[in-house]
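Visitor: kindly return the folded structure for what I paste below:
(2 chains, ligands or ions: 1)
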Amino acid sequence: MSATIIGTSPNRVGGIGRVTGSQQYVADLRLADVLEARLVTLDCARARIISIDASAALALPGVRLVMTAADLPQPVPRFGPQLEDRPVIAVGETKYHGDPVAIVAAETKDAADAAAALVRVEYEELPAVFTLAAALDPAAPLVQDPALRPGDRLASTNVLREHPIGWGDVDAAVADVVVEHTYTFPMVTHFAIEPHAYIAAPDGDGIAVWSTIQHPNWLQKVIAKVLGMPLAKVRVFAPDPGGGFGGKQHAKYEPLVALAAIRAGRPVRLVLSLEETFQAVRRASCEVRVRTGVNRDGALVFEDIAADYLIGAYADIADRVVGKGSYPAAGPYTVPNVRILARSVLSHTVPSTAFRGFGNPQVNWAVESNLDEAALAIGMDRLEIRLRNIAHRGDAFIPFDTPADGEWSQTVTRAAELIGWGSPLPPGRGRGIALGIKSGPTTGLSYSTVRLLGDGSVIVFAGTSDMGQGARTVFAQIAAQELGAPLDWVTVVMGDTAIVPYDQQTSASRSTVLMGNSVLMACRSIQAQLRTMAARLHAVDEALVGVDRGVVHLPDRDLSVIDVLKPGLGRLGGELTGNGEVRKDADPSHPLSGAPAFFEFNCTAIEAEVDRETGDVTIVRHVTVSDVGRALNPLQVRTQDEGAAIQGLGHTLMEHYIFDEVGRIRNLGAIDYRIPTSMDLPLDLVSETIENADGPGPYGSKGMSEGALLCVAAAVGAAVREAIRVPIRDLPLTPERVWRALQERETA
Amino acid sequence: MHTFAYVRPTTVAEAVAILDAGGRDARVLAGGTDLVIRLRDGSATPTTVIDLKRIADLRPGVREEGGRLTISATTVMTDVAADPLVRRHFPALAEAAAVVGSVQIRNRATLGGNVCNASPAADTATPLLVFDATVVAEGPGGTRRIAIDDFFVRSGVTTLQRGELVTAIELPIPAVATGSAHVRRTRRRGHDLASVTLSVRVDALGVTRFAYGSVGPRPVLAVDDTGVLADPAVPAEARSAILERMFADASPSPRSMRASPAYRLAMLRVLGARALRSAIEQLAAGSD
Ligand SMILES: Cc1cc2nc3c(=O)[nH]c(=O)nc-3n(C[C@H](O)[C@H](O)[C@H](O)COP(=O)(O)OP(=O)(O)OC[C@H]3O[C@@H](n4cnc5c(N)ncnc54)[C@H](O)[C@@H]3O)c2cc1C
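Guide: Modelled structure (predicted):
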């Protein structure tokens, strides 16, 4: 039993259930006596609520509850991961298109839908700000009540916060060439295939909540606070989500559904439609002005970056996205002078939240594209300028932070090879190459428990959410490797706060590293107990006993775990239990309150063809190479990489919210918000990894599930630019936009 | 979802009677790929839904008879696209049926439904126009044959009268050699509603028929019988004036978020030129 399972790609744990439809997602759960809920929203971006009359709705057969802010404890509870600014339901004013004013619960979904349409809301539409320009206008209406921001000098503006960071002296720096441009990144939504869904049920003197949440323990705290209950009385069930991408990290309508369930005295279930999901989660759009100073020899002299992110009406985690995402904006390069000023700008739009890449793709698009402009200006190859400035292992490229934790030039060189950088191109084609970097988790706390049962099978308790990234499989692999159980003898229990120990969150590509280390630590604790057991059974000095990959080494022979465990546990049987705890505390002296546990590093190289008559962009070849430290499960690593790459093609080529003149979203739902389908994939998609076992995770791994999305836009944009010889600085690169750029150049 | 009565008549006469009695409150259901969506979003609220799929006389199928092809209204796109007779005589119709929605949609979506839904972007509308199809309607007053160009009024509105339903589409088999093509413009390669649809047919007599959709309230037919467009030897400048005339009736809406009028109009010309090229090639290859 010493064969390694680490570095192999066994079938995904839970995979059969997912692909056969037997896995129960939250929306599949049927609780007895459940009421179906529907949100009542207004067809405008912002309104003052004058009155709400529920009598007609309540008169419909089967309708049990219509709840508005007036029915809630006063002041209406507010919550939020950064600021507790979001009321559980709109109070006095709706602040974005889709902000609910009431929730209806009825015996059937049809009755709830019909009743929601009968709730009569008298309201006065108010002017809304839904663009950066409008939100930043000094005369703009304020999105947040300044009373919520006492002592904040920005409280009388729509700027929620500013995030300045930098080093050197940009103003004093002198460069041979300075290139300055402004880039925009669209507002996009996560589009998880599983609908966001919530159920709450009164549970004795407590409450049970089922949610598609990525952070069950965080949700437990929010519900406990809103309801005034101890944590032990709030049980959160988090069945494996069907895709989250950050949109399911933080509480949205769970507090509302919980309050409705308590008021109704029955379970209440709310399943969002895709249209409602567009009005619940999105990525911040962004406008980035970049000034890049470069010398004729290719040395970067300075980067001067101003990024305005348009966040929504409530902070959610959006301001953290802005601060953390813009922080490494100057890229994986050694740049002596850097000035970054990012601002989170409130608006009357759907609250933006975490989304794969966490604020980095927006600035990456701008800064990497501008680097190409700089290369062009000095007549240097775009790969060469990158390799000329790239940080090497150990370089403190952000002076006060974790130095470069990989030899990233290997990744870049490999991607360049795979795209055939420098080889001749057929007409109408272009190539682009871009580098992406993202700070990993800056804090973390992951407990785990591993139980080695009497027959040698294993149960792992880990509070990570497996939303498709394959966390169950990786934790099972670690336990199997360390304790010598076959993979199908390992059960991984997740998603129940009453049973599974605390985990801070599933985000920032952390789980393999932080929870993985925690599970490893729990397994190592069991190994220590096995060592003691073996020493006792065989009367040898414990120091002479080793346990490795499920084999117990005695001085004179090797035993399997079970050969030690069975006699060691004796007639009564029982089990061995190990606990893991991985803690990464906040560091108040660090600009991000903590240095990243690792960097995600990716290089994407693209070959694209443009149809000059129609503007169609075909991705002929898409190469993504990521420095992952070590791939514990190579197939899962590849599929994460591919998934991120394709998701990146969405905002690059086709996805964007479209608003009407008064701030309503026009393209709610799948018909006019297009995401890539299988037919839109690159003709050739190549994913490779660089593995030097130099990561902080188990067996040298690093987190990796966002990297391949970070620089897709810049690489595609560069390829398109080379193909048509016209720069386009706004995403997405729709056929019409590319066509228009060509037209404008012809008429110019 | 709004409640309604669901009926499954077994004869055309019975369906017509129910449809006539219900008037505006009755709706015919074929594949449901348009109707069910509207039932769900509340934009259609019929009190009676009449499912055609149990009517023996409306069984799906394509048959050749008396110099024309008759396609039953309930024939789904997958079958239209695969039918050997359609492919032989009306390649542009087969091409159009093959690009409607996705595989799942095409297995459900009927030709009759596509025509009766009367979307300006309906893919099969343009090939039916260039092939001079006839819509066969059955109603309280008996059978009516409506030239397809007289059928479309605007989005969702046709010249069908109260109590009428479509039983078949007839296509005259061309007496001379023809070449045809269907092309469209979408925002992505995966299934999408088109922002321009266009079909063209050229024949050995030099007649070129263009039809285009999604650039105005209804699909438009334009015919060139000067022989200029069908002749590959005519220089580009000579053609362009005629092409401009062909596309003169395009009036895309500035309100659409799928594409701007300028882009649609430009793409109409690009698609027109491309489709014409393939149709001429096909004609040339066929007459070898
Ligand atoms: C995801 C998706 C993608 C789509 N993509 C395309 C596309 O690419 N191109 C395209 O053209 N369309 C597309 N459609 C629209 C739709 O699939 C087609 O219009 C289809 O042909 C409709 O046929 P049906 O049988 O489903 O019609 P139904 O939904 O059953 O009916 C449509 C309308 O026609 C009426 N009707 C149906 N049959 C008759 C009849 N025999 N007599 C009188 N009235 C009748 C109905 O009352 C209803 O008003 C798409 C739809 C979806 C959901």
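Visitor: in the stretch 451-600 of chain A, which spans are strands?
Guide: A:458-462, A:490-493, A:546-548, A:551-553, A:558-560, A:575-584, A:599-610 (DSSP state E, counting those that start in this stretch).
Visitor: for the stretch 51-200 of chain B, which residue gets nearest to the ligand?
Guide: Per CB to the nearest ligand atom, B:Gly113 is where the stretch 51-200 of chain B lies closest to the ligand, at 2.2 Å. Any C-beta I mention is one placed from the backbone N, CA and C, and that applies to glycine too.
Visitor: state the next helix or strand along the chain beyond whichever strand or helix holds that residue.
Guide: Here B:Gly113 sits within helix B:111-117, counting by DSSP states H and E. Per DSSP H and E, the first helix or strand lying C-terminal to helix B:111-117 is helix B:125-130.
Visitor: tell me which other helices or strands that following helix touches.
Guide: helix B:91-99, helix B:111-117, strand B:178-185, strand B:196-203, strand B:208-213, strand B:220-224 (3 or more CB pairs under 8 Å, 6 or more residues apart in numbering or on different chains; DSSP states H and E).
Visitor: okay, and the beta partners of A:His553?
Guide: Beta-bridge partners of A:His553, counted by DSSP bridges, are A:Gly546, A:Asp558.
Visitor: now it: how far from A:Ile562?
Guide: Between A:His553 and A:Ile562 the distance is 15 Å, computed by CB to CB, to the nearest Å.
Visitor: would you mind listing what in chain B touches chain A?
Guide: B:1, B:3, B:185, B:187-193, B:257-260, B:263, B:266-267, B:270 (CB under 8 Å from any CB of the partner chain).
Visitor: just the buried residues out of these, in ChimeraX syntax.
Guide: A single ChimeraX command is used to select the members of the residues of chain B next to chain A judged buried by 16 or more other CB atoms under 10 Å in any protein chain shown:
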select /B:185,187,188,190,191,192,193,258,259,260,263,266,267,270
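Visitor: so which of the residues of chain B next to chain A would count as near the ligand as well?
Guide: Filtering these for neighbours of the ligand using CB under 6 Å from any ligand atom leaves B:His191, B:Leu193.
Visitor: among the residues of chain B next to chain A, which ones are in helices?
Guide: B:Tyr263, B:Ala266, B:Met267, B:Val270 (DSSP state H).
Visitor: what's the closest non-adjacent residue to the first one?
Guide: Just to be clear, that refers to B:Tyr263. Of all residues not flanking B:Tyr263 in the chain, A:Glu736 sits nearest, at 4.6 Å (CB to CB, 6 or more residues apart in numbering or on different chains).
Visitor: hey, which of the helices and strands packed on helix B:125-130 is tucked in deepest?
Guide: Of all the helices and strands packed on helix B:125-130, strand B:196-203 has the most neighbours on average by mean count of other CB atoms under 10 Å in any protein chain shown, namely a mean of 29.
Visitor: so that strand versus strand B:208-213, what angle?
Guide: Angle, strand B:196-203 to strand B:208-213, by axes from the mean of the first three to the mean of the last three CA atoms, to 10 degrees: 170 degrees.
Visitor: give the rounded mean pLDDT of strand B:196-203.
Guide: Averaged over strand B:196-203, pLDDT sits at 98.
Visitor: roughly how far out does the host helix or strand of the residue nearest to B:Tyr263 sit from the chain middle?
Guide: Here A:Glu736 sits within helix A:735-747, counting by DSSP H and E. Put simply, helix A:735-747 sits 34 Å off its chain's centre (CA atoms, centre = their mean, to the nearest Å).
Visitor: and what of stretch A:412-429?
Guide: From the chain centre to the centre of stretch A:412-429 is a distance of 31 Å (CA atoms, centre = their mean).
Visitor: same check, this time on stretch B:121-131
Guide: The answer for stretch B:121-131 is 3 Å, by CA atoms, centre = their mean.
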